[in-house]
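[1] With the sequence up front, the predicted model follows.
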Amino acid sequence: MDFMASATGSAALDGKRLDAETYRGESIQIGRFADSSASGGDSGFSTIGCGLWIQLPPLEPGAHVLKIRGGSDSFRVSVDYALTIDAGQS
């Protein structure tokens, strides 16, 4: 995961900075299936993950804006999400 050496990034939710965690090629567990037949009898799988990761706090009902910026070497990403949380779904 050599590109992680120069990885930089930021994220903001409704204008408030979110702290990122850096993973440099660690084993991660993906999915836990309620119906094990959906995954061929397995309850998920392991893989290698790397990158800058954020976790969102629970969001209040209403409109929110999530902005993500990042890059490493020649790779760049810039994403803006307009999120709407329904009062009945929070």
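    Thanks, I have it.

[2] Would you mark the buried spots in stretch 72-88?
    Ser72 (16 or more other C-beta atoms under 10 Å). For the C-beta atoms, the positions are set from N, CA and C on the backbone; glycine is no exception.

[3] In this protein, where is pLDDT below threshold?
    For the chain, residues meeting the criterion pLDDT under 70 lie at 1, 3, 32-43, 89-90.

[4] go with 50
    For the chain, the stretches with pLDDT under 50 are 90.

[5] quick one: the strands in it?
    8-13, 16-18, 21-30, 45-53, 62-72, 75-85 (DSSP state E).

[6] same for the shortest one, what does it pack against?
    Counting contacts by 3 or more C-beta pairs under 8 Å, 6 or more residues apart in numbering; DSSP states H and E, strand 16-18 is packed against strand 8-13.

[7] And the strand it packs on, what does it pack against?
    With contacts defined as 3+ C-beta pairs under 8 Å, 6+ apart, strand 8-13 has these neighbours: strand 16-18, strand 62-72.

[8] Of all those strands, which one is nearest Gln55?
    strand 16-18 (8.1 Å; C-beta to C-beta).

[9] Identify the residues contacting that closest one?
    10-12, 54, 56 (C-beta atoms under 8 Å, 6 or more residues apart in numbering).

[10] and the helices and strands packed on strand 8-13 as CSV, adding distance to Leu83?
    Shown next, in CSV, are the helices and strands packed on strand 8-13 (distance: least, C-beta to C-beta, whole Å):
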stretch, distance to Leu83
strand 16-18, 13
strand 62-72, 4
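
[11] hang on, the earlier thing: now the strands of the chain as JSON lines including distance to Asp2?
    Shown next, in JSON lines, are the strands of the chain (distance: least, C-beta to C-beta, whole Å):
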{"stretch": "strand 8-13", "distance to Asp2": "15"}
{"stretch": "strand 16-18", "distance to Asp2": "26"}
{"stretch": "strand 21-30", "distance to Asp2": "10"}
{"stretch": "strand 45-53", "distance to Asp2": "10"}
{"stretch": "strand 62-72", "distance to Asp2": "9"}
{"stretch": "strand 75-85", "distance to Asp2": "12"}
